[in-house]
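Colleague: I would like the atomic coordinates for the input below:
(one chain, ligands or ions: 2)
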Amino acid sequence: MLISVASGKGGTGKTLVATSLALSLNSGRRVQFLDCDVEEPNAYIFLKPVVERIEPVYVPVPEVDEKRCTHCNKCSEVCAYHAIAVIPKHILVLPHLCHGCGACSYLCPEDAISEQGREIGIVEAGHSNDMELVQGKLTVGEAMPTPVIRKVKEQINRDGIAIIDVSPGTSCPVVESIRGSDFCLLVTEPTVFGLNDLMLAVETARELGIPCGVVINRAGVGDSKVQEYCAKENIPVLLDIPLDTSIARLYSKGMALVEAMPEWKERFTQLLDSIEEIVLERSSSPKR
Ligand code: SF4
Ligand code: SF4
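Modeller: Ligands and ions are numbered 1, 2, ... in the order given. As a prediction, the model looks like this:
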């Protein structure tokens with residue numbers, strides 16, 4: 001089963017929930033944690049893995065054989081990202097703008113374009129006790145997280161439970177991260193900003209046909225509009241985590257909630273049971 005933990009809004013405690021969920025799984029179950037928040041992966045702080053493998057991530061960028069090029073301009077015309085330009089008697093490639101789509105090399109009538117790999121990040125894999133951890137790291141200054149996310153997701157093993165820590169927001173990296181999930185757990189806070197971003201995240205998950213449920217972090221800090229929205233939209237609120245300075249203190253020290261406060265383990269185990277029930281019910285339902 002593949003569970004993605006997303007948030008819409010940043011700073012809602014998504015990684016706190018994702019790591020505690022992973023650490024609450026009963027021993028004997030195969031658990032994989034995939035940190036797809038590749039611009040700022042931080043689950044390792046709480047899971048403290050031993051890294052065993054590092055793999056670079058490349059995107060293909062065009063290399064032009066100027067001897068074959070007739071400066072016909074077709075490559076420049078087809079590039080949606082303005083990453084290749086034909087200037088008098090010369091071709092200019094801007095690698096940082098290139099999305100590696102391959103359209104220019106495919107359409108070049110002179111077969112003058114080949115592709116070279118450009119490293120944009122790495123994927124690290126290792127273990128934290130029995131849990132396998134895979135995390136992507138986009139190189140600072142690079143603008144394309146999705147190829148790194150795809151590379152992380154290539155490691156998914158569906159024999160057990162895989163938990164994906166998704167980046168905040170609802171843009172391309174989030175879509176790429178949650179695509180294919182059996183369930184999307186949305187972590188929010190009961191504030192106006194939390195509600196606004198939750199609504200966007202729900203829309204995204206629904207567009208992808210992924211069932212979702214909500215965890216309200218810092219419950220008690222704002223109003224009840226998040227609960228009202230969830231009730232109206234028939235989205236289950238699966239867990240409340242109260243505003244508690246001792247939880248915030250643990251988080252700031254890089255300690256996982258369920259390890260520092262074991263009384264939470266039971267509640268996270270119940271959270272997983274609820275998710276599994278929803279996924280099972282949905283998969284056995286003829287039409288949803
Ligand atoms: S499409 Fe090929 S031949 Fe035409 S300008 Fe680009 S590289 Fe040169
Ligand atoms: S590979 Fe795609 S994005 Fe890159 S230069 Fe060619 S057409 Fe543009």
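Colleague: which stretches in the stretch 51-200 of the chain count as helices?
Modeller: Using DSSP state H, counting those that start in this stretch, the helices of the stretch 51-200 of the chain run over residues 74-78, 103-107, 146-153, 172-178, 192-207.
Colleague: mind saving the C-alpha coords of the second one as CSV?
Modeller: Looking back up the chat, that one is helix 103-107. C-alpha atoms of helix 103-107 as CSV (Å, rounded to 0.1, in the frame of the first residue of the first chain):
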residue,chain,number,x,y,z
ALA,A,103,11.5,17.2,-28.6
CYS,A,104,14.4,19.0,-30.2
SER,A,105,16.5,16.0,-30.9
TYR,A,106,13.4,14.0,-32.1
LEU,A,107,12.5,16.7,-34.6
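Colleague: neighbouring contacts of that helix?
Modeller: Applying Cβ atoms under 8 Å, 6 or more residues apart in numbering, the contact partners of helix 103-107 are 62, 74-75, 78-80, 84, 113-115. Heads up, the C-betas are built off the backbone N, CA and C, glycines and all.
Colleague: can you rerun that using 7 Å?
Modeller: 62, 74-75, 78-79, 84, 113-115 (Cβ atoms under 7 Å, 6 or more residues apart in numbering).
Colleague: among those, which ones are buried?
Modeller: Buried members of the contacts of helix 103-107, counted by 16 or more other Cβ atoms under 10 Å: 62, 74-75, 79, 84, 113, 115.
Colleague: using JSON lines, lay out those together with distance to ligand 2 and pLDDT.
Modeller: JSON lines is the format used below for the buried ones among the contacts of helix 103-107 (distance: Cβ to the nearest ligand atom, whole Å; pLDDT from 0 to 100):
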{"residue": "Pro62", "distance to ligand 2": "5", "pLDDT": "96"}
{"residue": "Lys74", "distance to ligand 2": "10", "pLDDT": "95"}
{"residue": "Cys75", "distance to ligand 2": "6", "pLDDT": "96"}
{"residue": "Cys79", "distance to ligand 2": "3", "pLDDT": "96"}
{"residue": "Ile84", "distance to ligand 2": "4", "pLDDT": "96"}
{"residue": "Ile113", "distance to ligand 2": "8", "pLDDT": "96"}
{"residue": "Glu115", "distance to ligand 2": "7", "pLDDT": "93"}
